[in-house]
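**Q** Give me the fold of what follows.
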Amino acid sequence: MTGPSVTADPGCLPVRGDLAHIKLAGRCFVPHYAVPMPHRIAAGAVLRATGRDDADAIRDLPEGETFNVLDIAGSWAWGQLGEDGQVGYVSLDRIAAMDAAAGAGVQG
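**A** Here you go, the predicted structure:
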């Protein structure tokens, strides 16, 4: 990698200090890169700034859309809405794993 790494907009780029989406390899320097695991969003899902029930809500998530999970810790998933949507945390009880091939064409 040459030059400076990408400065991340925390709202739309799937990158944290320790982890980034695999599509950012070569653009962002972090210790680990993750391949997204597509999940279907259930009714009542809320994207939050941190993995806590009392964390600031970023937005309500659209039922049936794809949430690409990049990390799971406790009862929270960190990831991105669709391929280029907002990034944040969702409670695991509001998403369900789906076949990767089925999620490939769904965008949020």
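
**Q** quick one, strands of this structure?
**A** With DSSP state E, the ranges of strands along the chain come out as 19-21, 32-34, 37-41, 46-48, 57-60, 66-73, 76-81, 87-91, 95-97.

**Q** Can you name every helix or strand that the fourth one contacts?
**A** What that stands for is strand 46-48. For strand 46-48, the contact count by 3 or more Cβ pairs under 8 Å, 6 or more residues apart in numbering; DSSP states H and E identifies strand 57-60, strand 87-91 as packing neighbours. Yep, even glycine has a C-beta here, placed from its N, CA and C like the rest.

**Q** Pull the residues that contact that strand.
**A** The contact list for strand 46-48, computed with Cβ atoms under 8 Å, 6 or more residues apart in numbering, reads 55-61, 81, 86, 88-91, 94.

**Q** out of those, which are buried?
**A** Neighbour counting over the contacts of strand 46-48 (16 or more other Cβ atoms under 10 Å) leaves Ile58, Leu61, Leu81, Gln86, Gly88, Tyr89, Val90, Ser91, Arg94 as the buried ones.

**Q** circling back: just so I know, which of the helices and strands packed on strand 46-48 lies nearest Pro38?
**A** Pro38 lies closest to strand 87-91 among the helices and strands packed on strand 46-48, at 12.8 Å (Cβ to Cβ).

**Q** Specify the stretch among the helices and strands packed on strand 46-48 that is closest to Thr50.
**A** strand 87-91 (6.0 Å).

**Q** Run through the protein and note the low-pLDDT ranges.
**A** For the chain, applying pLDDT under 70 flags the ranges 1-10, 100-108.

**Q** what's the straight distance from one end of stretch 74-86 to the other?
**A** Using Cα to Cα, to the nearest Å, one end of stretch 74-86 lies 21 Å from the other.

**Q** Export the strands of the chain as TSV, with columns for distance to Cys12.
**A** Listed next are the strands of the chain as TSV, based on distance: least, Cβ to Cβ, whole Å:
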stretch	distance to Cys12
strand 19-21	11
strand 32-34	17
strand 37-41	18
strand 46-48	12
strand 57-60	11
strand 66-73	13
strand 76-81	8
strand 87-91	6
strand 95-97	19
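
**Q** All set, thanks.
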